[in-house]
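>>> A predicted structure for the sequence below; I have some questions about it.
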Amino acid sequence: MNWKDCVRKVTPYTPGEQPKKDGIIKLNTNENPYPPSPKVLSEDVEMKDLRKYPDPTIGDLVRSLSEYHGVKAEQIFVGVGSDDVLGMAFLTFFNSELPIAFPDISYSFYPVWAELFRIPVETVPLDEDFRIRIADYEGEKGGIVFPNPNAPTARLLPLSDVEALLKAHPECIVIVDEAYIDFAPEGSSALSLLDSFPNLLVVRTFSKSRSMAGMRIGYAIGSPELIGAMQAVKYSYNSYTLNRPSIIWGTRSVEDEAYFRETIGKITATRERFTKAAEEYHFHVIPSSANFVFASHENVPAKVIFETAREAGIYFRYFDQPRISDYLRITIGTDEEMDKVLELFRKMGL
Ligand code: PMP
């Protein structure tokens with residue numbers, strides 16, 4: 001035997017760039033351009049308490065989320081960002097010989113977890129307009145996972161389609177990754193289907209709509225049976241996941257509904273304004289229900305726009321991949337930031 005043959009070989013996920021330079025207009029990782037609720041920071045973290053381990057049950061935050069969503073505490077699993085929650089869910093639920101299904105164009109972390117945990121995969125192509133076609137998910141699966149709204153396309157799958165998919169797949173766990181759902185029209189979330197489908201897991205994050213990507217907080221909501229299974233896996237791996245400041249500040253954020261709504265309102269208004277303006281610069285913009293848009297230009301390659309913008313200190317996300325290499329993913333920033341983007345389009349003669 002050679003130890004080199006025993007080393008796990010994986011192709012890791014590539015996170016978006018986090019530039020060190022000041023003055024960059026950073027529209028490449030779908031962060032929120034506004035700060036978290038001022039109430040978050042009004043709660044001090046006691047230095048003397050940091051010597052102690054945090055609450056392994058993350059009780060305060062679980063309770064406030066359970067009140068917020070009107071579900072039982074046993075229906076909530078909290079983790080270190082939704083990446084941690086999704087990874088834990090893959091490990092817990094996707095243990096079949098049958099492949100798990102997800103769209104060919106979607107969150108690029110899914111194939112990475114699948115490889116890490118040795119889960120067989122079937123990618124299902126989106127249609128020509130980048131829509132998920134639920135009819136293409138026929139047949140027994142080892143699991144199904146997709147972002148809704150999808151990333152990087154920003155397209156929303158209507159709730160009626162999510163329901164039809166769940167009806168067609170009682171045999172497996174269906175994970176709906178709702179990282180961006182707060183930017184979609186009300187009534188789009190699969191949370192309303194929880195009572196009807198014990199195999200549904202909805203995953204959320206504080207990184208986008210709650211402006212707390214730096215705190216790393218995510219959660220899942222599902223039936224007590226699903227959440228119990230995830231807790232057992234978590235306590236078999238690492239009991240103390242969320243640190244004390246994250247628990248305290250996360251709980252504060254949930255309590256400030258007015259600020260949350262106001263921020264989302266500003267971002268969706270900017271998104272609509274920016275979309276119209278970009279169309280005037282000859283971009284084709286996929287209708288977005290998220291805090292970013294996915295757009296291609298009529299005659300200038302996306303890569304050229306990406307590189308020119310980068311030189312001008314404006315960062316977008318570009319995926320050099322089949323089917324989407326003509327597209328840019330542009331996070332919606334403040335109105336001022338988006339005006340600078342439009343100014344760049346004008347200067348480029350787009
Ligand atoms: N799901 C999707 C679809 C995402 O785009 C992201 C952000 N990269 C995540 C999950 C993970 O976000 P976080 O770990 O910050 O909660």
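Yes, it's here.
>>> for the rest of this, base every contact and every neighbour count on C-alpha atoms.
OK.
>>> tell me the spacing between the residue lying closest to Phe283 once chain neighbours are set aside and Gly222.
Distances taken as C-alpha to C-alpha, 6 or more residues apart in numbering place His297 nearest to Phe283, at 4.3 Å, with adjacent residues excluded. Distance of His297 to Gly222, computed by C-alpha to C-alpha, to the nearest Å: 40 Å.
>>> got it, and Glu272?
Distance, Glu272 to Gly222, using C-alpha to C-alpha: 33 Å.
>>> residue boundaries of the strands in this structure?
25-26, 76-79, 100-103, 121-124, 143-147, 174-177, 200-205, 218-222, 283-285, 292-297, 314-315, 317-318, 327-331 (DSSP state E).
>>> can you redo those strands as CSV with mean pLDDT and mean neighbour count?
CSV is the format used below for the strands of the chain (pLDDT from 0 to 100; neighbours: other C-alpha atoms under 10 Å):
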stretch, mean pLDDT, mean neighbour count
strand 25-26, 97, 22
strand 76-79, 98, 26
strand 100-103, 98, 24
strand 121-124, 98, 17
strand 143-147, 98, 23
strand 174-177, 99, 25
strand 200-205, 98, 26
strand 218-222, 98, 25
strand 283-285, 98, 19
strand 292-297, 98, 24
strand 314-315, 97, 23
strand 317-318, 96, 22
strand 327-331, 98, 26
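>>> which one of the ones you listed lies nearest to Lys347?
When the strands of the chain are compared for distance to Lys347 using C-alpha to C-alpha, the nearest one is strand 314-315, at 13.5 Å.
>>> what strands line up against the closest one, and which way round?
Using DSSP bridges, strand 314-315 pairs in its sheet with strand 25-26 (parallel).
>>> I'd like the distance from the partner strand to the chain centre, please.
In terms of C-alpha atoms, centre = their mean, to the nearest Å, the centre of strand 25-26 is found 19 Å from the chain centre.
>>> near the ligand, which residues of the chain?
The chain comes close to the ligand at residues Gly81, Ser82, Asp83, Tyr107, Pro147, Ala151, Asp177, Ala179, Thr205, Ser207, Ala213, Gly218, as judged by C-alpha under 6 Å from any ligand atom.
>>> burial count for the first one?
Yep, that's Gly81 we're talking about. 21 (other C-alpha atoms under 10 Å).
>>> which ones are touching it?
Thr205, Phe206, Ser207, Ala213, Met215, Arg216, Ile217, Gly218, Tyr219 (C-alpha atoms under 8 Å, 6 or more residues apart in numbering).
>>> the bottom helix or strand of the chain by mean pLDDT?
helix 38-42 (a mean of 88; mean pLDDT, DSSP states H and E).
>>> neighbours of the residue lying closest to Ser207 once chain neighbours are set aside, just the number please.
Excluding the flanking residues, the one nearest Ser207 by C-alpha to C-alpha, 6+ apart is Ala213, at 3.7 Å. Ala213 has 19 neighbours, counted by other C-alpha under 10 Å.
>>> mind listing what Ala213 touches?
Residues counted as contacts of Ala213 (C-alpha under 8 Å, 6+ apart) are Glu31, Gly81, Phe206, Ser207.
>>> what lies in contact with stretch 275-287?
Here stretch 275-287 has contacts from 153-155, 293-298, 342, 345-346, 350, using C-alpha under 8 Å, 6+ apart.
>>> ok, the residue nearest to Ser207 to Thr334 distance?
According to C-alpha to C-alpha, Ala213 stands 17 Å off from Thr334.
>>> and for Arg261?
Going from Arg261 to Thr334 by C-alpha to C-alpha gives 16 Å.
>>> when these two are compared, which one has more neighbours?
Neighbours were counted for Arg261 and for Thr334 using other C-alpha under 10 Å; Thr334 has more, 17 against 14.
>>> where does the more buried one fall, phi/psi-wise?
Backbone geometry at Thr334, expressed as degrees, to the nearest 10, gives phi -70, psi 170.
>>> list the contacts for the residue nearest to it when sequence neighbours are not counted?
Leaving out its chain neighbours, the residue that sits closest to Thr334 by C-alpha to C-alpha, 6+ apart is Pro33, at 6.0 Å. Going by C-alpha under 8 Å, 6+ apart, Pro33 touches Ser211, Ile332, Gly333, Thr334.
>>> most neighbours, which of those?
If you rank the contacts of Pro33 by neighbour count (other C-alpha under 10 Å), Ile332 sits at the top with 27 neighbours.
>>> hmm, back to that, which one of the residues of the chain next to the ligand sits closest to Leu226?
Closest to Leu226, out of all of the residues of the chain next to the ligand and judged by C-alpha to C-alpha, is Asp177, at 15.4 Å.
>>> show me what contacts the closest residue to the closest one other than its chain neighbours?
Among residues not flanking Asp177 along the chain, Pro147 sits closest, at 4.3 Å (C-alpha to C-alpha, 6+ apart). Neighbour list for Pro147: Ser106, Tyr107, Val176, Asp177, Glu178, Ala179 [criterion: C-alpha under 8 Å, 6+ apart].
>>> again, only this time at 6 Å
By C-alpha atoms under 6 Å, 6 or more residues apart in numbering, the contact list for Pro147 reads Val176, Asp177, Glu178.
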